[in-house]
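**Student:** 3D model of this:
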Amino acid sequence: MDVLGVMIGLALLFGIAVAVLAVVGTVKAAKAVAAKVDRHEANARRAVENAALKAKTYTKAGPQGQISAVRLGLRTSLSGTRQVLESGLAQDGQLSESLGLLARLDVHAAELDGELRTLEREPDAGRIAAKLPELRERAERITHSAETMRWAAQDRMHRFADDELSRLSKECESEAGALRHWDTSGGAGSSGSAGAAGAGAGRGAGAAGAAREGSQQRPGLTDGKGGRPSAEDLLGLGDPLARLAQRLRKPTTGSSAG
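**Tutor:** Residues are numbered from 1 along each chain as shown. A predicted model of the protein is given here:
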């Protein structure tokens, strides 16, 4: 019963863990989808607003058209700078600092855009004429800062591309020279290789002859030839047994007299 209860408890814990993981995964997926939808919605809304501002710039004259032109230039400059910095961030991590500065600059641009939007709805033409130069000057400062970062990032990326291209060109030239090396030293290399091959063959033949002579002069221990030492030689009994055999072969005096 205790074992069964433990198994049931473990199964319940496993089920709870799976349910928690499923809930966490669902929440994260929902947040990711919501963030993506919000981003696409913001981009679509920005595109619609830019199109409307561009239309007002061409259709409305006077201060209203000027305000629309200032707002459109401010948005276009910041958007172009952000695209350049984000596109080069994967190759150059230092652009992350520029993106941080652009984010701070974007806050000021948003505040200025709100003031321009409010001024755009102002019915008093005199107030519009009084406030517009100041707001335009702030917009030009923000635009100039954004453009300065964008141009610097573009020059930096182009410089890196030129340096990489120069290194790649040098490597290609070195490889081409290595591939053409056979054209100038092919004959000498061939004769040298042939001489080395002949010398190697002569040395191989001499070594083979010496090996054959050595094998004929020195029999091996386990080569199965006649020169293999006997068991008596290995035990040190070869000389006593030979002398005993010689004494046994000598004829006795009595037998030779008879």
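
**Student:** can you give me the helices in the stretch 51-200 of the chain?
**Tutor:** Counting by DSSP state H, counting those that start in this stretch, the stretch 51-200 of the chain has helices at residues 63-88, 95-120, 125-179, 181-217.

**Student:** closest one to K36 among these?
**Tutor:** helix 63-88 (16.0 Å; Cβ to Cβ). To be clear about C-beta, it is placed using only N, CA and C from the backbone, and glycine gets the same treatment.

**Student:** by contact count, what packs against that closest one?
**Tutor:** helix 2-59, helix 95-120, helix 125-179 (3 or more Cβ pairs under 8 Å, 6 or more residues apart in numbering; DSSP states H and E).

**Student:** What are the buried residues along the second one?
**Tutor:** What it means is helix 95-120. For helix 95-120, a neighbour-count test (16 or more other Cβ atoms under 10 Å) marks L95, S98, L102, L105, D106, A109, L112, D113, L116, L119, E120 as buried.

**Student:** Distance of the first one relative to T118?
**Tutor:** For L95, the distance to T118 under the criterion Cβ to Cβ, to the nearest Å works out to 34 Å.

**Student:** ok so, going back, among the helices and strands packed on helix 63-88, which gets the worst mean confidence?
**Tutor:** When those are ranked by mean pLDDT, helix 2-59 comes last with a mean of 80.

**Student:** most tightly surrounded among the helices of the stretch 51-200 of the chain?
**Tutor:** helix 63-88 (a mean of 19; mean count of other Cβ atoms under 10 Å).

**Student:** how far off helix 95-120 does it point, in degrees?
**Tutor:** 170 degrees (axes from the mean of the first three to the mean of the last three Cα atoms, to 10 degrees).

**Student:** Report the rounded mean pLDDT for helix 63-88.
**Tutor:** 90.

**Student:** Equivalent analysis for stretch 181-193, please.
**Tutor:** Per-residue scores along stretch 181-193 average to 54.

**Student:** if I look at L168, how far off is E175?
**Tutor:** For L168, the distance to E175 - Cβ to Cβ - is 10 Å.

**Student:** hmm, I was thinking of D113
**Tutor:** From D113 over to E175 (counting by Cβ to Cβ), the distance is 55 Å.

**Student:** do T148 as well
**Tutor:** T148 is 41 Å from E175, by Cβ to Cβ.

**Student:** Equivalent analysis for E140, please.
**Tutor:** 52 Å.

**Student:** do the same with R121
**Tutor:** 67 Å.

**Student:** V3 now?
**Tutor:** 71 Å.

**Student:** same deal with K54?
**Tutor:** For K54, the distance to E175 - Cβ to Cβ - is 52 Å.

**Student:** before we move on, what about W182?
**Tutor:** 14 Å.

**Student:** one step back: and which of the buried residues of helix 95-120 is nearest A161?
**Tutor:** L95 (14.6 Å).
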